[in-house]
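Trainee: Predicted model, plus sequence, below.
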Amino acid sequence: MHTSTYRHVSAAARWSGRVVVLFTVALLSACATVHVGADFAPGVRLDQYRTFDWGGGDSLPVGDPRLDNNPFFDSRVRAAVELELAARGLMRATVSPALLVHYHASVRQRVDVIRADEGRGYSSPRDGKSDMVLEYEEGTLIVDVAEPKAKAILWRGWSQTDVGGLLENPREMEKRIRESVRLMMLKFPR
């Protein structure tokens, strides 16, 4: 009797482990996390600046023909950045701006391996193996804020997220761009 109870618990643990792994994979792909960061010179205070404008265009390709030279993508990024800068007291001025803003975006294919926690009895749904390979399109957005007279970058923010499926869905792409820029700008020094 004890052996059959053990087998029952073991099978239930395996099944629940598979459910956990499937749920994790679904969560990772459905709710793509936006990873952000920023860097700036020590002691930099951007609250002393009141105006900005866009610097020269980026000559580097995005790496995806759906976004390279895409005016809609460009206008979405610029609108999101301008909105966040305005929220921080910076207004766009095309004549003698105190700061210049520039962005670069890239898309590349990525592969991640998710390992189930074997120590807790979990395994993946495929053949009991504990590794799952995920392929996705990683989008990176970098925003630089520079002082034009000194020709020095004062602040650089970046975000990375899975853009798979977004490239074919303009509304969702716009939401992800806004969220990426909003989160990155939380790290904007004042």
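Mentor: Yep, that arrived.
Trainee: Where does Gly89 fall, secondary structure wise?
Mentor: Here Gly89, judged by DSSP states H and E, is contained in no helix and no strand.
Trainee: My guess is it contacts Thr51. True?
Mentor: No. Using CB atoms under 8 Å, Gly89 is not in contact with Thr51, being 10.0 Å away. Every residue, glycine included, has its C-beta placed from N, CA and C.
Trainee: Pick out whichever of those two has more residues nearby.
Mentor: Under the criterion of other CB atoms under 10 Å, the comparison of Gly89 against Thr51 puts Thr51 first, with 15 against 11.
Trainee: residue contacts, the residue nearest to the more buried one when sequence neighbours are not counted?
Mentor: Leaving out its chain neighbours, the residue that sits closest to Thr51 by CB to CB, 6 or more residues apart in numbering is Ala93, at 3.8 Å. By CB atoms under 8 Å, 6 or more residues apart in numbering, the contact set of Ala93 is Thr51, Phe52, Asp53.
Trainee: cool, Phe73 as well?
Mentor: Phe73 sits next to Val62, Leu67, Ala105, Met173 when contact means CB under 8 Å, 6+ apart.
Trainee: how close does Asn169 sit to Arg66?
Mentor: 11 Å (CB to CB, to the nearest Å).
Trainee: nope, Arg110 is what I was after
Mentor: 17 Å.
Trainee: Which secondary structure state does Ala150 sit in?
Mentor: coil (DSSP: H, G, I helix; E, B strand; the rest coil).
Trainee: Now do the phi/psi pair for it.
Mentor: phi -80, psi -10 (degrees, to the nearest 10).
Trainee: burial measure for it, as a count.
Mentor: 8.
Trainee: quick one: it and Glu174, what's the gap?
Mentor: Taking CB to CB, one finds Ala150 at 34 Å from Glu174.
Trainee: same thing with Ser96?
Mentor: Using CB to CB, Ser96 is found at 31 Å from Glu174.
Trainee: who has more neighbours, those two?
Mentor: Legend: neighbour count by other CB under 10 Å for Ser96 and Glu174, higher for Glu174 (18 against 8).
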